[in-house]
Structure formats: C-alpha cells, structure tokens
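In: Fold the following for me, if possible:
(chains A and B)
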Amino acid sequence: MRAGQNPAKFTEEQSSPAERVTVALLTHIPYLQGYYTQSLDVLKASIASIEKHTELPYDLFVFDNASGIEVREYLQSLFASNRIQYLFFSSKNLGKGRAWDVIFGAVPGEIIAYADSDVYFGPGWLKSAIRMLETFPNVGMVTCRPMRTYPEGHSATRTWAEREPDAVLEEGAFIDWEIFREHDINLGLDEGEVRARYESSSDLLITYRGERALIGAAHWQFVAYRSVLQAFLPLGIQRPLGDDRKLDDAINQAGYLRLMTLEPFVRHLGNTLPSDLANGSRMGNKIGIRSQALSRRILDSPLIKRLLLGIYNRIFRWYFYR
Amino acid sequence: MTRIGMNPARNRVSDYRPARVTIAVLIYLPHLTGYFENRLDVVRLSLESLFFNTYEPYDLLVFDNASCEEVKLLLHRLHAEGKIRYLLSSSENIGKLGALRLIAGAAPGELIAYSDDDTFFYPGWLEAHIDIYDHFPGVGMVSGSPERTLFDHGIQSNIDRGLLDPDFKLHYGQRIPMEWEQEWASALGKDMETYLKMVASLDDIQLEYRGKSAFATACHNQFLIPKSVLLEHLRGEWSGYLMGGLNEVDEAINASGYLRLTTLDRTTKLIGNVVSPDLASEARQYGIRIGTRYWKRAEDSKLGLLQRIARQGIIRWLLQGLYNRLFWVLSGQSGEWVQPEGTETDLKD
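Out: I've put the predicted structure just below:
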C-alpha cells in the first residue's frame, strides 16, 4: 500500500547532473601485503593529486575491482565527504578489460579522464589534454606524459600526420633523458636497459595549428571522448592484466589519433610511494578536501537535522496519518 | 625505482563471465521520515523476495541514488555478503532517468531486468520474463504486473503487429482480476472506489504469438529489456527531474517498433511505501520475514487540534510549501528548487 505521494514527484530541477569531465580511477588492492604493501598510500597520493591539480570542474568516478576492506573503507570515507561523486564496488575482480567496459559505459561525462590508481597528476594535466582533444581532429586518446610506445599502436596517427597538409611531422629525440628514464625506471627496468632503449629509438612530433603533440599514448592514463570509447564496447578483454593493448590497437585500427603531451604532467608511481611525494600526498589529502558550504554543514549538524526532520515528519503525518 | 616486483594479476585469466541478465535495482531513500518512514522495510522486502524467488543466474547491480546512512549500511552489508555483485552509489540524486543511463552503461548482461525498489518478486518471475522475451520476436520490454491503466500509452507497435502480421492475434477482454487492480490502486494510494469504477470500463489486450500470449503493454517501474534497446532510447540531454520522463521512453521504444509486453500471470507486484499486513502475510508463505511497522490509521482516532488547524486553507498551503522545501534541503540536493509547470504541489489526502 502507499500512504501519501513521493515528494520527488512534485518538485525539483537539478542544475548540473554531471560535469563535462569524469575523472575515472580503477582500483584493485586486494590486501596490503607483499606487492600491495604501499598501494593504499599510492592511491591516496593519486587522489590527492587529482584534487589539488585538476583546474577544471569534474566528477570523480571510482571503480573498485574487489579491493580489501581497508581500501573500501577509505573510498567510502571519501564518498561520504563528497570527494568521490560516483563509487562503484564490484564484489569480484572483473579484470581490467571488463572494468573498462563498465567504466566507459557508465560514466556520465562527455570526456573521460581515465587512470589506473597509481598515477600522480601534476598541475595543468587536464587542460593540456582537453586542448589537444579539441585542436586535433578525430582524437582517440591523449596521454599526459611523453613516452616511447610501440609503433604498431599508433600507425594511424603517423599516417594521418604524413598526409595532412596542416600537420608537420618530425622525427628525433624530443623527450629529455631524465623524463624518459623516470618512467621506464618506474616500470622496474634497469638503468642499462633504459639507456639502450633511449638511444636506439626516437620520437615522432606533430605540430598542427600551433599545438604540438608526440605520437603514441598509454592505456594506464588517457583522456578521451566517451563516445569514441563506447564505440569499442565490449572490449572483449579476458585477462585481468596484460591484454590492455587491445584497446590501444582497436583505437589505432579505427583510424583515431593517439597522442601524448610533450610535458610530463602525470607520473606513473607503481606500487611504492617515492620519497618526494610522500609528504606532498599527505598535504594533498588535507588541501584537496572540498570544503562544504557553511549552510550545508549547519544543516547536517545533528541537532538541526533532527529538528528539521521532526518538522518534516510532523507535517507529513498531519496529512497522511489517518 | 617505484615498482617493486610484478603485479600478481598479470597474465592471469579471469574466470568471471557476466550472467545473461543483470538485475538492476534503483534505490532512493533520502531519509526515513514522512513519505519514507516505512520505505526501508519495503526495500528489504523487495530485495529479500528477489533473493528468494529468482532461480535464473543473474548479476545484481544496485544503484544507490544518494540514500541515507541506514540504507547505505544495508547495501554495504549485502555487498559484503556477495548478494549484491555491483554497488554503484551517487553522491547526489541524479534522477531516475540519469540513474537509468548509468545503469544501462554499467550493466554487463545482454539483458537488464530493471526494477524500482518497491517491487515484490514472485517465484520464477525472471524465468517468466525471459520466456516471453525469447518467444516473441522484436521484444523491447517485458513486465510482470498486469494492470489495465497501463494500456493508455506505448502499445501501438503491439496493436500494429496484431493487425498486420498473420502470426499474431489480438484478444480484448477483462482477464486481469479485479483483486489485482485493487492491490495496484492501494499500492499507488488511489481512491479505491473511483479507481475501480474507472478500470471496470476498460478492456485489457492480449497479444498471442504461436501459442503463447502476453498482455500487450509494459510498465516502466519494472521491466526486462535488452541492454542495447535501453541504451538506444536513453540518448539525449539530462532532464534533471528526479522523476518523470519514463512515459516518453515507453513511447520511444514503441515508436521504434519494439513489442512491450507483460506476463499473463502476475509475476511481480508493486508494494507501495508501506508493507501492508496482507503482503507481509503473503511474503511469509514464501519464507520471507521482515520486521514491519504498519500505519496506524487515523480513522481510528479523533483528529487532534493541531491536525484540524493544519487542514485550514492558508495554513495548509504554508505547510505544504515548507514540507516540499524541507524535502529538498534534507535530501542535500545542489540544484535549484523549481516548481515544474503543470504539476501539483498538493499533498493528496
């Protein structure tokens, strides 16, 4: 039976159900031992850096792929304080590909800024990526860091740059050694391997309508139009890790551009927190908290809330309790 | 070096495969007072009946549209127990259509069995829905609660199919029992006498195809739908309204030529915002027990002085405005409070 009418029926328009950009993070930290010992600290540093260094409005969507209780409780605490706008808990680890299926299908924003949960974001990362999305035509994904990625994954971008009259394509060493080294060392490679790879490979730089970009992109952090990513769903990736290049290849094969910024706006942290960020992340946690409006805090104070709920309930009963 | 060792998940294969059906339940209880005072019991009964009476494999996705703490605790407990596979929470109520968009995008199944949070599920309900879906060609929606007023929109594709395709037949009559109509009216809070008089003058319509029949309508409060069809018909701008806009989706699905059907047997039932003693008793027959608190009907007692004052014109107008305003404030919504044109603010009594 129904007593009264749902008040939501009679009222209320919302101003902005979703921001243009949804920042989407994928977390999977099943426990805090072994490989994952510092992963929660890394996640905290990542979220703090998003809060501190994202200059444009955004909603934060976190997909938790069956993490342990410590991580879930941490995410719930962020959600409760409105630092996460959409929180998705999966009871089983779906793997990265199926999690992508869900994330790319569900996020409300026109633009998805995706990242694994071990990425540190620096000032200007999102603005730079969106400028590239809006300057270059037919962009599939933009990664906010220069790297050297496998050529088969960006052949369409190279072909486009070679044929496009307004584009200038140059080949050479455009990434500084230290920036190159920082990323590859973080992947667990040794110094000698990294040096050898740097000296035996090169970068492809496109200049197009005043904007410069390197060719290539990475699936651990990228910014893309939701509509482009949704065209590839479901991705059909079975393995939890290791099949991620299917997304890169699909985007390339469909003729979309895969681009990177020249500046290292983001940094792959891996599973340990570097000493230079350890203090910063703690600061970021404090600085990044979105302050609630005074009126909201007053309304949420237990006494006021109880009083208002009492009035609300009394009015309802006067009309329906008969 | 900031990566030490290798991620244990690398190069392992997930054995997870999404079920064909993702059951998606949308929950919105901003607080447990007023209209929502007994709604937590309703949600619990709805979910318990789902757990008890669903035999087909499924993944359960619950979308929490910014509910209160008590609801969050319940949902997190069910998620921890593995009864909810996917729990998607929004920090703000994004409206029913907004939530449906996220659900449609996130649900991994080929079929989505959507429901509001006030549906009672009878044994075998999902099988009955799938049976209709698999039997009829070109099905867009299948619902489980036949009701005669639902034939007022979104049924032209059913009628056209019945008239134009020789494999289909239409049957007009009054097969839906009045008992079901009474329970529907009660769950919606309708004036019983007026409602029953109205439906007594209406026919219901069945669509028959190769030996199997279904009612030729569907209900957007609870339905099975192919994910692709739902995604296709939820395009466009966010309306921002917390409720409404669903008839338009019904019409769009109908206009695309999809069939909108309901099982002949009542396989689901609308609960309303209170678990009635009759329904609690019925639930117990299926082994479902929940603590229920029932409305004390004020007919049994005299109206108090304050209540009589509250019914006076200007006082009533002021209190109704305050009530609606408090709903908005207490729900923590960030948007403007706007009275949509053509809607009534009256608290119907």
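In: For the stretch 101-250 of chain A, which segments count as strands?
Out: A:111-116, A:119-121, A:139-143, A:167-172, A:203-208, A:211-215, A:221-225 (DSSP state E, counting those that start in this stretch).
In: what stretches of chain B score poorly on pLDDT?
Out: B:1-15, B:235-244, B:291-304, B:307-308, B:310-312, B:324, B:327-349 (pLDDT under 70).
In: which residues sit in contact with the spatially most central residue of it?
Out: Nearest to the geometric centre of chain B sits B:D116, at 2.6 Å (Cα atoms, centre = their mean). The neighbours of B:D116, taking Cβ atoms under 8 Å, 6 or more residues apart in numbering or on different chains as the test, are B:25-26, B:221-222. All C-beta spots, glycine's among them, are computed from the backbone N, C-alpha and C.
In: quick one: which of these is most hemmed in?
Out: Counting neighbours by other Cβ atoms under 10 Å in any protein chain shown, the top entry in the contacts of B:D116 is B:Q222, with 28 neighbours.
In: what about B:L50, how many residues close to it?
Out: 22.
In: what's the helix or strand for it?
Out: Here B:L50 is covered by helix B:39-53, with elements defined by DSSP states H and E.
In: Please write out the alpha-carbon positions of that helix in CSV.
Out: Extracted in CSV, the C-alpha atoms of helix B:39-53 (Å, rounded to 0.1, in the frame of the first residue of the first chain):
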residue,chain,number,x,y,z
ARG,B,39,10.3,2.5,3.0
LEU,B,40,13.3,0.7,4.4
ASP,B,41,11.0,-2.2,5.2
VAL,B,42,9.8,-2.0,1.6
VAL,B,43,13.3,-2.2,0.2
ARG,B,44,14.2,-5.1,2.5
LEU,B,45,11.1,-7.0,1.4
SER,B,46,11.8,-6.2,-2.2
LEU,B,47,15.4,-7.5,-2.0
GLU,B,48,14.5,-10.5,0.1
SER,B,49,11.8,-11.5,-2.4
LEU,B,50,14.4,-11.1,-5.2
PHE,B,51,16.9,-13.3,-3.4
PHE,B,52,14.4,-15.9,-2.5
ASN,B,53,12.4,-16.1,-5.7
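In: which strands and helices sit next to that helix?
Out: Contacts defined by 3 or more Cβ pairs under 8 Å, 6 or more residues apart in numbering or on different chains; DSSP states H and E place helix B:39-53 against strand B:21-27, helix B:69-80, strand B:119-121, helix B:277-285.
In: Out of these, which is the most enclosed?
Out: strand B:119-121 (a mean of 27; mean count of other Cβ atoms under 10 Å in any protein chain shown).
In: to the chain's geometric centre, what's the distance from that strand?
Out: Distance of strand B:119-121 from its chain centroid, counting by Cα atoms, centre = their mean, to the nearest Å, is 9 Å.
In: Same list (the contacts of B:D116) but as JSON lines, adding distance to chain A.
Out: Listed next are those as JSON lines, based on distance: Cβ to the nearest Cβ, whole Å:
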{"residue": "B:V25", "distance to chain A": "15"}
{"residue": "B:L26", "distance to chain A": "12"}
{"residue": "B:N221", "distance to chain A": "12"}
{"residue": "B:Q222", "distance to chain A": "15"}
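In: Chain A - how does it break down into domains?
Out: By the assignment in automatic domain parsing, chain A contains the domains A:21-268, A:284-320.
In: picking that back up, quick check: what element follows the helix holding B:L50 along the chain?
Out: strand B:59-64.
In: what about B:G95, distance to B:A66?
Out: Here the distance between B:G95 and B:A66 works out to 11 Å (Cβ to Cβ, to the nearest Å).
In: who has more neighbours, these two?
Out: Ranked by neighbour count (other Cβ under 10 Å), B:G95 and B:A66 place B:G95 first, with 26 against 20.
In: quick one: the strands in chain B?
Out: For chain B, applying DSSP state E gives strands covering B:21-27, B:59-64, B:86-90, B:111-116, B:119-121, B:139-143, B:168-173, B:204-209, B:212-215, B:222-226, B:259-262, B:268-270.
In: still on that earlier bit, out of the domains of chain A, which gets the lowest mean score?
Out: Here the domains of chain A differ in mean pLDDT, and the lowest is domain A:284-320 at a mean of 66.
In: Put together CSV for the helices and strands packed on helix B:39-53, with distance to A:P264 on each row.
Out: Below are those laid out as CSV (distance: least, Cβ to Cβ, whole Å):
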stretch, distance to A:P264
strand B:21-27, 40
helix B:69-80, 38
strand B:119-121, 52
helix B:277-285, 60
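In: where exactly do the helices run in the stretch 101-250 of chain A?
Out: A:125-135, A:155-163, A:177-186, A:191-200, A:226-230, A:245-253 (DSSP state H, counting those that start in this stretch).
In: Any idea how far apart the tips of stretch A:199-215 sit?
Out: End-to-end distance for stretch A:199-215, by Cα to Cα, to the nearest Å: 18 Å.
In: Check what contacts it and list those residues.
Out: Applying Cβ under 8 Å, 6+ apart, the contact partners of stretch A:199-215 are A:131-132, A:135-136, A:142, A:146, A:148, A:154, A:157-158, A:161, A:164, A:166-175, A:216, A:258-262.
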